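Peer 1: Have a look at this fold, sequence not included:
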């Protein structure tokens, strides 16, 4: 059946004016009530999960706080190696590259 037929059937069963009620947009009062119910539900969930959310929020804060220090620790050896290679290149103390005829060359 098509939707119009269903609405006609409902209109005949329940009386006139039902199809107009089904097509009306939600009222401002209904929207306000839904917002209040959603807000109360959100507050209730936040209160119930506070035992989990407080440590989680603190852990995320500490992660952001410590991240620059960890980045420095991880990148320090790489930066020191590049600095040594640059200084070595400036002095003209270039060492030999990979050995010729060694295991590094493919046969």
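Peer 2: Yep, that arrived. Just so it is clear, the structure is predicted and the values come from calculations on it, not from any experiment.

Peer 1: low pLDDT regions in the chain?
Peer 2: For the chain, applying pLDDT under 70 flags the ranges 1-8, 10-11, 15-24, 91-107.

Peer 1: can you give me the helices for this structure?
Peer 2: Ranges of helices within the chain are 3-14, 18-23, 28-48, 50-91, based on DSSP state H.

Peer 1: show me the contacts for residue 13.
Peer 2: Contact partners of residue 13, counting by Cβ atoms under 8 Å, 6 or more residues apart in numbering, are absent. Where you see a C-beta, it was placed from the backbone N, CA and C, and this is true even at glycine.

Peer 1: how close does residue 90 sit to residue 83?
Peer 2: Here the criterion is Cβ to Cβ, to the nearest Å. By it, residue 90 lies 11 Å from residue 83.

Peer 1: just residue 54 next, same as before
Peer 2: Going from residue 54 to residue 83 by Cβ to Cβ gives 43 Å.

Peer 1: cool, and residue 12?
Peer 2: For residue 12, the distance to residue 83 equals 87 Å [Cβ to Cβ].
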